[in-house]
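Enquirer: Predicted model, plus sequence, below.
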Amino acid sequence: MTMNFSVKTKQNTLISIRNIYCIGRNYRAHATELNSEVPKEPFFFQKSLPSLNTSNEFTIPKDREIHHELEVVILIGKNGEEIPIKNTDDYIQGYGLGLDLTDRKYQNELIRDQLPWLLSKSFKGSAIVSCFQDEKISEDFWLKINGDIHQKGNINRMIFSIAEQISFLSGMLPLMKGDLIFTGTPSGVGPIQNGDKLELGYGAKTIHSLMVK
Ligand code: ZN
């Protein structure tokens, strides 16, 4: 496996990644589909750095059922602490789409036992990201599996906006240049299977695709 944990910008620059943060339950319909409460305050978990996957393939770990979670992903471009909501745009280097792949059965066991989610969220290749662009993703973003749309969302429907997430997170820990933030998944999560072709895009554009094997 590659030990070079970087992502690409549209200008073809490679940016080294430091941390991968993910917000939980940030769209009402998704919280409901998992029988979870809508949170009053944002909460975050991490995916490990070796889970970063910019390639066009993903291999399902043996004997595990893996679910897709389509998300807008933010690339942080400079270090910051206690960033006010009005200034968060200055810290964003790029916008992309990603999949926060999840071992749902294992995660539910961990939730039941009140244990950290780490290993249900961090396995090889589980943090899939596209390349990063300057423009915001304001049109509906979607995931197609074998040509059919399985998830569709819009950042307008987030419970905590991207600005609120950056401000909150940077108030709790220093954000670093090269951090990624997965900003939550809309409803429609479900399993992926060997042989699936996944396409991530928004509006009429596909910006990343991969094969499951
Ligand atoms: Zn997620």
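Expert: Nice, thanks for sending it over. Computed from a prediction, not measured in an experiment: that's the story for all the values here. Numbers count the residues shown, from 1 in each chain.
Enquirer: Check which residues of the lowest-mean-pLDDT helix or strand in the chain are buried.
Expert: Within the chain, no helix or strand scores below helix 28-33, which has a mean of 82 by mean pLDDT, DSSP states H and E. Residues of helix 28-33 classed as buried by neighbour count (16 or more other Cβ atoms under 10 Å): His30, Ala31. Placement of C-beta: from N, CA and C, glycine included.
Enquirer: which helices and strands does that helix pack with?
Expert: Helices and strands touching helix 28-33, as assessed by 3 or more Cβ pairs under 8 Å, 6 or more residues apart in numbering; DSSP states H and E, are absent.
Enquirer: distance between that helix and the chain's centre?
Expert: Distance, stretch centre to chain centre, for helix 28-33: 16 Å (Cα atoms, centre = their mean, to the nearest Å).
Enquirer: please begin residue numbering at 34 from this point
Expert: New numbering, starting at 34: the last item is helix 61-66.
Enquirer: Any chance you could list what contacts it?
Expert: With contact meaning Cβ atoms under 8 Å, 6 or more residues apart in numbering, helix 61-66 is reached by Arg58, Glu70, Val71, Pro72, Arg190, Ile192, Gly217, Thr218, Pro219, Ser220, Gly221, Val222.
Enquirer: give me the subset of the residues you listed touching the ion.
Expert: Of the residues in these, proximity to the ion by Cβ under 5 Å from the ion holds for Thr218.
Enquirer: tell me which of the contacts of helix 61-66 is nearest to the ion?
Expert: Thr218 (4.6 Å; Cβ to the ion).
Enquirer: list the contacts for the residue of the chain found nearest the ion?
Expert: Nearest residue of the chain to the ion (Cβ to the ion) works out as Asp133 at 3.4 Å. Asp133 is in contact with Cys55, Lys80, Glu102, Glu104, Lys154, Ser159, Ala160, Phe215, Thr218, counting by Cβ under 8 Å, 6+ apart.
Enquirer: how about the residue nearest to it when sequence neighbours are not counted, phi and psi?
Expert: Nearest residue to Asp133 in three dimensions, chain neighbours excluded: Glu102, at 4.1 Å (Cβ to Cβ, 6 or more residues apart in numbering). Torsion angles at Glu102 (phi, psi; degrees, to the nearest 10) stand at phi -130, psi 110.
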